[in-house]
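Chemist: I would like the atomic coordinates for the input below:
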Amino acid sequence: MLLLSLFSFFLMLPRPPISTLFPYTTLFRSLLRGSLDYSGIITTDDLDMGAVSSIPNKTVKAILAGNDLIMVTNYKESFDEIKKAVNDGTISEKQINKLSLRILAWKYYKGMMFDIQK
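Modeler: This next block holds a predicted model:
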């Protein structure tokens, strides 16, 4: 599992405004999935933290940037955002299924799907 923190972008880029970070995250995820052939989980930092909390549709932007797992505190707002994006075609159901399958496969690999102690 990889977490690309927003703070890592500040170390690599010359003081970008927070609202411009999603295109950069897309670039880094393309590099991870493409050139480096990374097939694991990519997760966000908490999207409800102060630095990014005011970005509109931040959950949808994070999914479109290539994140599999989205960390938020206000899960209802994020769920509604995702549901609206799927309904209006911004995010395909196929993409949600692909993300879900990647997370389920990871959980299975880590032994988190079944109680193997019994």
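
Chemist: and the residue nearest to residue 102 when sequence neighbours are not counted, what does it touch?
Modeler: Leaving aside its chain neighbours, residue 102 sits nearest to residue 68 (5.3 Å; criterion: Cβ to Cβ, 6 or more residues apart in numbering). Glycine gets a C-beta too; all of them are placed from N, C-alpha and C. Contact analysis of residue 68 by Cβ atoms under 8 Å, 6 or more residues apart in numbering lists 41-43, 99, 102-103.

Chemist: now for the longest helix seen in the chain, which elements pack on it?
Modeler: Secondary structure assigned by DSSP state H gives helix 93-109 as the longest helix of the chain. Applying 3 or more Cβ pairs under 8 Å, 6 or more residues apart in numbering; DSSP states H and E, we find helix 93-109 packed against helix 75-87.

Chemist: repeat that for 10 Å
Modeler: When contacts are defined as 3 or more Cβ pairs under 10 Å, 6 or more residues apart in numbering; DSSP states H and E, helix 93-109 packs onto strand 42-46, helix 58-64, strand 69-71, helix 75-87.
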